[in-house]
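Visitor: How does the following fold in three dimensions:
(chains A and B)
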Amino acid sequence: MTALSLHGVSKTYGSGERAVTALRHASVDIASGELLGIIGPSGSGKTTFLMLAGLVEPPTHGEIWLLGRKVADPKTSAADLRRLRRHHIGFVFQKANLLPFLTALENVQLAHEVAKLHGSQARKRACELLDELGMAHKINAYPQTLSGGEQQRVALARAIANRPALLLADEPTAALDGDRRRQVMGLLSNLARNEGVTVCVVTHDVRATSVFDRIIEISDGEIIREYAPFDESMGDPPHLPRLSS
Amino acid sequence: MILAWKDIRFNLARFVLAVVGLTAILTMSLAMNGLYRGIVHESLIMVENIGADAWLVQGGRDGPFNDESHVSELLDRRAEGLYGVREARRFLAFSFPISFGSHKERYSILALDFPKDKGEWMPLIAGRFLESPHFEMIVDKSTGLALGERLRVGRDDYVVVGVTTGQVDMAGDGLIFVSLPDAQSILNVAPSEAVLLARASSRNQIATSSVVGGTRPIMAVILTFEPGAPVDVIREKVASWGDVTMITKAEQIELVIQGRLRRLRLQILLFVGLMYAISGAIVSLTIFTIVLEKLHAISLLKLIGASDAFISIWILQYGLLLGAISFGLALAISLATFDYFPRAVILLPWDAVIAGLALVAVCALACTFAIRKALSVRAREVLS
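Guide: Numbers count the residues shown, from 1 in each chain, chains lettered A, B, ... in the order given. A predicted model of the protein is given here:
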């Protein structure tokens, strides 16, 4: 089943002579439970792709479909997009972006609060998530007392607290060392494999690409290639087998 | 989850500093407001407490508080013959220096028309009211004089037989009450040479009478009416005498407030307004600055789908908590310290309620501006 579809989506910032098109005619279908990697050089439009796929902004052209329903076109309001994000989409970034004045548990519960889910069930779910991510002993710790990897795990718990259909991650492992990088990518992979969550990960890290089901490469605001799963024994990404272009 | 409370708990030092600053300015505002109330109260103590329904003063004058007034010492006998007048008492008040060893202090002396007036209209905290027409005095506690203390005033020795409270003159100085004959004696004290010179000259009758003991002026006569007395009829009768004017208690209060106190009141009211305006500006600036520091957190909240109401409630709670805690502290400090000010600083409950409501309105307005700024933040800015 297709979880997310982008049909001829473009995004242009500014107008007139100052107009900059960050993403051009992007079309892609992403299946439920798929782990999709997005690669490309800096400024290629990866983050814009993520912003559109994550319903952070409406496209300038084209349509976005989520779980078989058209959810965004150029006329969609910011409030409608926000409502959809609240229930269906989770985000993880290079920086954990935790609220510094909330404990690890409260940061996860924040997602519940935003979705108007209160009570002991919500708290239980937050505790379970932190436990599953190996953070049970740090639920009352403030973000600044956590390591980068721990912060990222709390951010991940917050992102999936409301059982989103789609999880978008923008270079989630860029600030982590090798072990923690593998740990976070393992968690994302588990979410896709075991929970059926569709996961899109923007990454520069070629060592992480082996976990993806599919990789798309963006350059100059266009999707230029799609790759099959990467096998480390085959070398660097340019030698990946090409699925389509 | 009350986000504002979590935020305050985490950044407690910053919040406490903001509260301290705001509490200080609010306390100043309440004090300025209380000073205004205190000045009006002190100015009206004599007018309101002495038991006067009306005052007979020098014709064409607005005395005795707002203007000079000298009337005949015998005017009270005429006044007592008026239909509807239950009692007429002579009034005299003046300030006089009293020596204490090497230094002098000025006190306001108010005459009680003994035996009609023994001072029973004032609250006593020690001692008794006047029982003798001579050489006894009742003092306000703010004079610092103690019960039983003897002191020389003019040419005679007086003993403090009673201590009262809250009886001050327009300048806020504690009053000393003596009998009318004693007050007149004290007022007539003059060096021997001055008495001789005054007797030799009869060119200025008022000047002579104020120095020489032969004529004993008073400032006004206090009238107390029978219930249902025909005030207009009494006024017309007094007007027909030609030498005096009748001023009712309400008119006297109006004369003091709109006459002698007018500029002072306007001045203080202006300061009160300024202080409240400054308080409002500081509250607004504090809340707005705090919100500016939270723009990244706000963009994150928007990204994860927080509604405008969710973000607005956070800011509103923060602003109102800041205002409420600061106001509560300012109120507590005011209630605990205003009694120790040298002059009366009166905090009326209604003034406190209005100040509190005004602060809530200012905080809500400041939050509105801050919320507008917060809601203009875009979710994608969390990536910047």
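Visitor: use CA for all of it now, contacts and neighbours both
Guide: Will do.
Visitor: can you tell me which residues contact the residue in the stretch 251-384 of chain B positioned nearest to chain A?
Guide: Chain A sits closest to B:Gly305 of the stretch 251-384 of chain B, with a gap of 4.1 Å, by Cα to the nearest Cα. With contact set as Cα atoms under 8 Å, 6 or more residues apart in numbering or on different chains, B:Gly305 has these partners: A:82-87, A:114-115.
Visitor: what's the distance between it and A:Arg158?
Guide: Noted for B:Gly305: a distance of 12 Å to A:Arg158, by Cα to Cα, to the nearest Å.
Visitor: Kindly report the same for B:Leu348.
Guide: B:Leu348 sits 51 Å away from A:Arg158, going by Cα to Cα.
Visitor: Worst mean pLDDT across the helices and strands of the chain, which element?
Guide: This is for chain A. Ranked by mean pLDDT, DSSP states H and E, the weakest helix or strand in chain A is strand A:242-244, scoring a mean of 45.
Visitor: was after chain B, sorry
Guide: Within chain B, no helix or strand scores below helix B:205-211, which has a mean of 48 by mean pLDDT, DSSP H and E.
Visitor: So which residues of chain B form helices?
Guide: Along chain B, counting by DSSP state H, helices occupy B:3-10, B:12-49, B:75-80, B:180-187, B:192-200, B:205-211, B:231-241, B:249-255, B:262-293, B:295-303, B:308-337, B:349-375.
Visitor: okay, B:Leu348 and A:Arg158: which has more neighbours?
Guide: Comparing B:Leu348 with A:Arg158 by other Cα atoms under 10 Å in any protein chain shown, the one with more neighbours is A:Arg158, at 28 against 13.
Visitor: now the more buried one, nearest residue through space, not along the chain?
Guide: With sequence-adjacent residues excluded and distances taken as Cα to Cα, 6 or more residues apart in numbering or on different chains, A:Arg158 is closest to A:Val108, at 4.2 Å.
Visitor: Neighbours of that neighbour, how many?
Guide: Around A:Val108 there are 29 residues (other Cα under 10 Å).
Visitor: Pull the contacting residues for the closest residue to chain B within chain A.
Guide: In chain A, the residue that lies nearest chain B is A:Arg86 (4.1 Å; Cα to the nearest Cα). Contacts for A:Arg86 (Cα under 8 Å, 6+ apart) come out as A:111, A:114-115, B:304-306.
Visitor: Would you reformat these as TSV and include distance to B:His296 and pLDDT?
Guide: Shown next, in TSV, are those (distance: Cα to Cα, whole Å; pLDDT from 0 to 100):
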residue	distance to B:His296	pLDDT
A:Ala111	16	91
A:Val114	17	88
A:Ala115	20	85
B:Ile304	13	91
B:Gly305	14	91
B:Ala306	14	92
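Visitor: nearest to B:Ala366, of these?
Guide: Nearest to B:Ala366 out of the contacts of A:Arg86 is B:Ala306 (Cα to Cα; 21.7 Å).
Visitor: which stretches of the chain have low pLDDT?
Guide: If you meant another chain, say so; for now it's chain A. A:229-245 (pLDDT under 70).
Visitor: should've been chain B
Guide: B:202-216, B:384.
Visitor: residues from it in reach of chain A?
Guide: Within chain B, the positions adjacent to chain A are B:1, B:6-7, B:9-11, B:297, B:300, B:302-307, B:310, B:379-380, B:382-383 by Cα under 8 Å from any Cα of the partner chain.
Visitor: again, 10 Å this time
Guide: Taking Cα under 10 Å from any Cα of the partner chain, the part of chain B that reaches chain A is made up of B:1-11, B:294, B:296-298, B:300-308, B:310-311, B:378-380, B:382-383.
Visitor: sec struct for the most centrally placed residue in chain A, please.
Guide: Centroid-nearest residue in chain A, with Cα atoms, centre = their mean: A:Leu168, separated by 0.9 Å. Counting by DSSP: H, G, I helix; E, B strand; the rest coil, the backbone at A:Leu168 sits in strand.
Visitor: and it, what does it touch?
Guide: Residues near A:Leu168 by Cα atoms under 10 Å, 6 or more residues apart in numbering or on different chains: A:36, A:50-51, A:53-54, A:89-93, A:159, A:188, A:198-202.
Visitor: So which residues of chain A form strands?
Guide: A:2-13, A:20-31, A:35-39, A:61-66, A:69-72, A:89-92, A:166-170, A:198-202, A:214-219, A:222-227, A:242-244 (DSSP state E).
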